[in-house]
Structures are given as structure tokens and as C-alpha cells.
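1. sequence unavailable; structure follows:
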Ligand code: PAF
């Protein structure tokens, strides 16, 4: 088995990337924070399929401090680069890992911060107001360092996917953003690195999130008014053992603006806490 190279600096990244680009290779980026699971490996396989055998796929692994609030789990976020590399070696498809030291992304004196309105407003931003500017800033840095032709993001973080598309559009970055459907456990729980925090008891409850969203989507399709369906879903989640429901919302699938009826493509999105784990999920309505 060939060992997947791990590149740590933007200068080494740039040299390799430019050599490939000079050969005419299409370059895909899969940005991650590591703790890779089947959802990430699906992104890598999609990226490989997209650029073809002559293309190049770079997986970045960087736990981005700018997207964590001081009370969040930055210090405890699972980090195991050797395990991630082993998964990428066996899954195949990636050419190298870019795992920059923090100083390569945020050198001393770094003071830039990208703020996005539109799809970044509301939902996740209510509970995590710092989050999307942290994501937009690091994703812009990664895009400018890697200079990919395309980049792959999971639909599990649906609002993040729309924020990244907005970033690329507004700043003329010229990168194609490809959203990849959610990978789920057998009971419907969306794969997430944070599922590792769930106790056995919490894990049982966690599976209901997806079932409640499915049931709510069906009710709305059959004519239940949207606001009533959202409220009912939140109270079922509470009864099922979630300690907090941040939102259950049916929104325009492109803009995330509230919708009154299903006269355009819509998405149901939810965030809810079980034990010490905050879960998010979404699906088309
Ligand atoms: O979705 C993630 O893992 C992160 O938010 C991302 C896009 C890698 C930015 O740090």
C-alpha cells in the first residue's frame, strides 16, 4: 500500500499543485477538519469520479479555531491524523493530505475576517453567531492556497454549503462547488465526527431526529401548514429525549428564506441537542 503524502506548508502545497496544473490536471479540493468517516470518504470518491483518473484530489485537514466559540469543543475536537491518513489510503482517491500548521493559515498579525449575510443569516447563526465567518474565512484561505477547479462539501451542513456557494459567487473565485448527499447510519442518523460524543443512551435518541424530519416533510407535503408542522416537530423531538431544539425550519432550498407554502423547492433543517452533543440534519421537502 502506498502511503499518502502529508503536506504541511503552503509553499510545498503550491509547488506540487503548480506542477500538476502545468500538466493540465484538474484539481479538486475536499476541505475537512479530520476525524474522517464514511461521509468524508464519499466526498473524496465523488471528487475522484469528477476529475477522473488524470485529475488530482487534495484533502485538507485543519481544525479551524475561527469557527469555534470559546465555550465550544475546539480543544476536544477529535484529532488523529495517522488514522485519517490510513482511511484515505484504503478508500483510495486522494493524492495527498494538506494538513497545514495553524501559522500557515493564520500567521501572526492575521486580521482578516469574511462576513457573509444572505444564506448565513439565521438558523445555525442564531446558536453559533461566529460560525459562518470562521468557515468563510478558512475556506477562502484554503481556496486561495490550493487554487482548485472544484471543491466538495457535504449536504449535511446544508447552510454551510449555501454560504460557500455565496462566497465563491460574490468574490468571483471561479471554483465549482459540488454538494454531496448525506451519508446515514441504518437508523437514519446523519454521519458526523461529533457522533463520537454520543453515549449509548444518546445514540438511541439521536436516530429519531431523521425520522421526525421525514415525518414532518410528509405532513407538509400532504398539506399541514408549515408553521404548525415545525412546532409539532420541535415538540416531538423534546418528547423523544432531546434536551434542546434550536430550530426545525422549512426554508427555500436556494436562499434559506422562510416559505409559507411549497410553491418552490424547499428544505427542512433542524438542530437539536442530546446529552452534550448538538446534532444537525436536513432533507428536501
Ligand atoms: O465542514 C467542515 O468540516 C468545516 O466547516 C470546513 C468546511 C472544513 C471548514 O473548516
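-> Yes, it's here. The shown structure was predicted, so the numbers you read here are calculated from the model rather than taken from an experiment. Numbers count the residues shown, from 1 in each chain.
2. can you list contacts of stretch 179-195?
-> Residues outside stretch 179-195 that contact it (Cβ atoms under 8 Å, 6 or more residues apart in numbering) are 33-39, 42-43, 46, 73, 77-78, 152-156, 158, 161, 203, 206-207, 209-211, 214, 277-283. Yep, even glycine has a C-beta here, placed from its N, CA and C like the rest.
3. one more time with 7 Å, if that's ok
-> Residues from elsewhere that reach stretch 179-195, judged by Cβ atoms under 7 Å, 6 or more residues apart in numbering: 35, 37-39, 42-43, 46, 78, 152-156, 161, 206-207, 210-211, 277, 281.
4. doesn't residue 57 lie inside a strand?
-> Yes - when DSSP: H, G, I helix; E, B strand; the rest coil is applied, residue 57 is found to be in a strand.
5. ok, it touching residue 96?
-> No - contact criterion Cβ atoms under 7 Å: residue 57 and residue 96 do not qualify, at 8.6 Å.
6. now the residue of the stretch 151-285 of the chain with the smallest separation from the ligand, nearest residue through space, not along the chain?
-> Relative to the ligand, the nearest point of the stretch 151-285 of the chain is residue 157 (5.1 Å; Cβ to the nearest ligand atom). The shortest distance from residue 157 to any non-neighbouring residue, by Cβ to Cβ, 6 or more residues apart in numbering, is to residue 280 (7.1 Å).
7. the helix or strand the one you found falls within: partners in the sheet, and parallel or antiparallel?
-> Using DSSP states H and E, residue 280 sits in strand 277-284. According to DSSP bridges, strand 277-284 has the following sheet partners: strand 266-274 (antiparallel).
8. how far away from the center of its chain is the partner strand?
-> 14 Å (Cα atoms, centre = their mean, to the nearest Å).
9. quick one: average pLDDT of that strand?
-> Over the span of strand 266-274, the pLDDT mean works out to 98.
10. re the thing from before, buried among the contacts of stretch 179-195? Make that a PyMOL selection.
-> Restricted to buried positions by 16 or more other Cβ atoms under 10 Å, the PyMOL selection for those reads:
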select buried, resi 35+37+39+42+43+46+78+152+153+154+155+156+161+206+210+277+281
